[in-house]
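S.K.: Quick one: sequence plus predicted model below, questions after.
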Amino acid sequence: MCTVSDVKAGGEDRFVIGVGADDAGFALKERLRELLAGDPRVAEVRDFGVREATDTEPYPNVGLKVAEEVAAGRLDRAVLVCGTGIGMAITANKVPGVRATTAHDTYSAERSVLSNNCQVLTMGARVVGPELAARILDEWLGHRFDPESASARKIAVIAEYEDAHHG
Ligand SMILES: O=C(CO)[C@H](O)COP(=O)(O)O
(Lines give C-alpha, C1' and ligand atoms only; values in the text may rest on other atoms or scores of the structure.)
Protein backbone atom coordinates (compact mmCIF):
# COMPACT_ATOMS: atom_id res chain seq x y z
CA MET A 1 0.00 0.00 0.00
CA CYS A 2 1.42 3.39 -0.94
CA THR A 3 1.49 6.34 1.42
CA VAL A 4 0.35 9.88 0.69
CA SER A 5 4.01 10.91 0.33
CA ASP A 6 4.70 8.05 -2.12
CA VAL A 7 1.83 9.28 -4.26
CA LYS A 8 3.01 12.89 -4.12
CA ALA A 9 6.63 11.87 -4.71
CA GLY A 10 5.45 10.05 -7.80
CA GLY A 11 4.34 13.42 -9.15
CA GLU A 12 0.64 12.66 -8.78
CA ASP A 13 -1.73 15.19 -7.36
CA ARG A 14 -4.60 12.85 -6.76
CA PHE A 15 -6.19 12.23 -3.38
CA VAL A 16 -5.61 9.36 -1.01
CA ILE A 17 -9.00 9.14 0.68
CA GLY A 18 -10.22 7.19 3.70
CA VAL A 19 -13.80 6.06 4.16
CA GLY A 20 -15.52 4.89 7.33
CA ALA A 21 -18.99 4.31 8.71
CA ASP A 22 -21.02 2.76 11.47
CA ASP A 23 -23.86 0.30 10.89
CA ALA A 24 -26.29 3.10 9.97
CA GLY A 25 -23.88 4.46 7.37
CA PHE A 26 -22.54 1.19 6.01
CA ALA A 27 -24.58 0.96 2.78
CA LEU A 28 -23.96 4.60 1.81
CA LYS A 29 -20.27 4.27 2.65
CA GLU A 30 -20.06 1.27 0.30
CA ARG A 31 -21.65 3.29 -2.52
CA LEU A 32 -19.36 6.26 -1.95
CA ARG A 33 -16.32 3.95 -1.78
CA GLU A 34 -17.23 2.54 -5.21
CA LEU A 35 -17.63 6.03 -6.65
CA LEU A 36 -14.32 7.18 -5.20
CA ALA A 37 -12.53 4.10 -6.52
CA GLY A 38 -13.70 4.95 -10.05
CA ASP A 39 -12.94 8.68 -9.85
CA PRO A 40 -9.89 9.92 -11.78
CA ARG A 41 -9.18 12.51 -9.06
CA VAL A 42 -8.59 9.73 -6.53
CA ALA A 43 -5.32 7.79 -6.30
CA GLU A 44 -6.40 5.34 -3.61
CA VAL A 45 -9.33 4.63 -1.30
CA ARG A 46 -8.67 3.12 2.13
CA ASP A 47 -11.64 1.53 3.89
CA PHE A 48 -11.66 1.70 7.69
CA GLY A 49 -14.93 -0.20 8.09
CA VAL A 50 -17.37 -1.19 9.24
CA ARG A 51 -17.32 -4.09 6.80
CA GLU A 52 -20.90 -5.24 7.25
CA ALA A 53 -24.22 -3.68 8.23
CA THR A 54 -24.50 -5.95 11.26
CA ASP A 55 -21.27 -4.63 12.81
CA THR A 56 -22.33 -2.40 15.71
CA GLU A 57 -18.92 -0.84 16.35
CA PRO A 58 -19.64 2.60 17.87
CA TYR A 59 -19.11 5.35 15.28
CA PRO A 60 -16.47 7.22 17.34
CA ASN A 61 -14.11 4.24 17.15
CA VAL A 62 -14.20 4.36 13.36
CA GLY A 63 -14.18 8.15 13.15
CA LEU A 64 -11.18 8.55 15.47
CA LYS A 65 -9.13 5.98 13.57
CA VAL A 66 -9.78 7.75 10.27
CA ALA A 67 -9.25 11.26 11.66
CA GLU A 68 -5.93 10.22 13.18
CA GLU A 69 -4.80 9.02 9.76
CA VAL A 70 -5.72 12.43 8.32
CA ALA A 71 -3.88 14.25 11.12
CA ALA A 72 -0.81 12.06 10.56
CA GLY A 73 -0.79 12.92 6.85
CA ARG A 74 -1.43 9.36 5.74
CA LEU A 75 -4.75 10.41 4.19
CA ASP A 76 -5.38 13.61 2.24
CA ARG A 77 -9.09 13.51 2.95
CA ALA A 78 -11.80 11.28 4.38
CA VAL A 79 -15.52 10.64 4.08
CA LEU A 80 -17.34 9.41 7.20
CA VAL A 81 -20.94 8.23 7.28
CA CYS A 82 -23.27 7.56 10.22
CA GLY A 83 -27.02 8.05 10.68
CA THR A 84 -26.91 11.86 10.70
CA GLY A 85 -23.24 12.62 9.98
CA ILE A 86 -23.20 14.66 13.19
CA GLY A 87 -21.55 12.13 15.50
CA MET A 88 -18.80 11.46 12.97
CA ALA A 89 -18.14 15.21 12.58
CA ILE A 90 -17.99 15.77 16.35
CA THR A 91 -15.63 12.81 16.69
CA ALA A 92 -13.27 13.77 13.86
CA ASN A 93 -13.04 17.35 15.13
CA LYS A 94 -11.64 16.07 18.44
CA VAL A 95 -8.42 15.09 16.67
CA PRO A 96 -6.04 18.08 16.59
CA GLY A 97 -5.42 19.35 13.09
CA VAL A 98 -8.58 17.86 11.65
CA ARG A 99 -11.38 20.02 10.27
CA ALA A 100 -14.54 18.02 9.67
CA THR A 101 -18.04 19.01 8.71
CA THR A 102 -21.35 17.48 7.88
CA ALA A 103 -22.57 18.66 4.47
CA HIS A 104 -25.91 17.70 2.96
CA ASP A 105 -25.88 20.21 0.12
CA THR A 106 -23.38 20.96 -2.62
CA TYR A 107 -22.79 24.60 -1.65
CA SER A 108 -21.75 23.64 1.87
CA ALA A 109 -19.51 20.91 0.46
CA GLU A 110 -17.79 23.49 -1.78
CA ARG A 111 -17.38 26.06 1.00
CA SER A 112 -16.15 23.43 3.47
CA VAL A 113 -13.06 23.19 1.28
CA LEU A 114 -12.70 26.74 -0.04
CA SER A 115 -13.56 28.59 3.19
CA ASN A 116 -12.71 26.07 5.88
CA ASN A 117 -10.07 23.76 4.39
CA CYS A 118 -11.98 20.77 5.76
CA GLN A 119 -10.24 17.49 5.08
CA VAL A 120 -13.17 15.43 6.36
CA LEU A 121 -16.69 15.33 4.94
CA THR A 122 -19.41 13.58 6.90
CA MET A 123 -22.87 12.63 5.75
CA GLY A 124 -25.93 11.06 7.33
CA ALA A 125 -27.36 8.04 5.57
CA ARG A 126 -30.67 8.69 7.34
CA VAL A 127 -30.72 12.24 5.97
CA VAL A 128 -29.54 12.08 2.33
CA GLY A 129 -30.19 9.49 -0.34
CA PRO A 130 -27.40 7.96 -2.41
CA GLU A 131 -27.97 10.20 -5.45
CA LEU A 132 -27.66 13.45 -3.52
CA ALA A 133 -24.73 12.05 -1.56
CA ALA A 134 -22.97 11.25 -4.85
CA ARG A 135 -23.49 14.86 -6.07
CA ILE A 136 -22.14 16.23 -2.80
CA LEU A 137 -19.11 13.95 -3.04
CA ASP A 138 -18.46 15.04 -6.62
CA GLU A 139 -18.62 18.72 -5.65
CA TRP A 140 -16.30 18.19 -2.69
CA LEU A 141 -13.70 16.42 -4.84
CA GLY A 142 -13.73 19.29 -7.31
CA HIS A 143 -12.29 21.87 -4.93
CA ARG A 144 -8.95 22.48 -3.31
CA PHE A 145 -8.17 25.00 -0.60
CA ASP A 146 -6.12 28.00 -1.74
CA PRO A 147 -3.60 28.86 0.99
CA GLU A 148 -3.26 32.34 -0.54
CA SER A 149 -6.98 33.04 -0.16
CA ALA A 150 -8.49 35.46 2.36
CA SER A 151 -9.89 32.44 4.20
CA ALA A 152 -6.41 31.21 5.11
CA ARG A 153 -5.85 33.74 7.90
CA LYS A 154 -9.17 32.75 9.44
CA ILE A 155 -8.21 29.08 9.45
CA ALA A 156 -4.91 30.14 11.02
CA VAL A 157 -6.84 31.51 14.02
CA ILE A 158 -8.30 28.05 14.61
CA ALA A 159 -4.88 26.42 14.27
CA GLU A 160 -3.33 28.93 16.68
CA TYR A 161 -5.98 28.20 19.29
CA GLU A 162 -5.44 24.49 18.83
CA ASP A 163 -1.67 24.84 19.16
CA ALA A 164 -2.04 26.92 22.31
CA HIS A 165 -4.47 24.54 24.00
CA HIS A 166 -3.63 21.12 22.64
CA GLY A 167 -0.10 21.51 21.32
O1 LIG B 1 -26.00 9.16 13.56
C2 LIG B 1 -25.31 8.65 14.39
C3 LIG B 1 -24.47 9.47 15.29
O4 LIG B 1 -24.54 10.85 15.00
C5 LIG B 1 -25.30 7.18 14.59
O6 LIG B 1 -25.38 6.52 13.35
C7 LIG B 1 -26.46 6.72 15.42
O8 LIG B 1 -26.27 7.11 16.72
P9 LIG B 1 -27.36 6.74 17.86
O10 LIG B 1 -28.62 7.50 17.54
O11 LIG B 1 -26.71 7.19 19.12
O12 LIG B 1 -27.57 5.25 17.79
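M.R.: Structure's in. What do you need?

S.K.: pLDDT below threshold where in this protein?
M.R.: In the predicted model of the chain, residues 1-12 satisfy pLDDT under 70.

S.K.: Would you map the helices across it?
M.R.: For the chain, helices defined by DSSP state H occupy the ranges 4-9, 26-37, 59-71, 86-92, 106-114, 130-141, 152-166.

S.K.: Indicate which one of those helices is closest to residue 77.
M.R.: Taking C-beta to C-beta, helix 59-71 is the member of these nearest to residue 77, at 7.2 Å. The C-beta positions use only the backbone N, C-alpha and C, and glycine is treated the same way.

S.K.: Residue 162 contacts residue 95, correct?
M.R.: No: with contact defined as C-beta atoms under 8 Å, residue 162 does not reach residue 95; the gap is 10.3 Å.

S.K.: Looking at these two, which one has more neighbours?
M.R.: Under the neighbour definition other C-beta atoms under 10 Å, residue 162 and residue 95 were set side by side, and residue 95 has more, 21 against 14.

S.K.: how close does the more buried one sit to residue 50?
M.R.: Note on residue 95: its distance to residue 50, by C-beta to C-beta, to the nearest Å, is 19 Å.

S.K.: contacting residues around the closest residue to residue 114 other than its chain neighbours?
M.R.: The spatially closest residue to residue 114, leaving aside those adjacent along the chain, is residue 143, at 5.6 Å (C-beta to C-beta, 6 or more residues apart in numbering). By C-beta atoms under 8 Å, 6 or more residues apart in numbering, the residues touching residue 143 are 110, 113, 114.

S.K.: okay if I get those residues as TSV plus neighbour count?
M.R.: Formatted as TSV, the contacts of residue 143 follow (neighbours: other C-beta atoms under 10 Å):
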residue	neighbour count
110	16
113	24
114	15
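
S.K.: and which of those is nearest the ligand?
M.R.: In terms of C-beta to the nearest ligand atom, no member of the contacts of residue 143 lies closer to the ligand than residue 113, at 22.2 Å.

S.K.: I'd say that closest one and residue 141 touch.
M.R.: No: here residue 113 does not reach residue 141: they are 9.2 Å apart, not a contact under C-beta under 8 Å.

S.K.: and the closest residue to residue 47 other than its chain neighbours, how many neighbours does it have?
M.R.: Closest residue in space to residue 47, ignoring its immediate chain neighbours: residue 19 at 5.5 Å, by C-beta to C-beta, 6+ apart. If you count neighbours by other C-beta under 10 Å, residue 19 ends up with 25.
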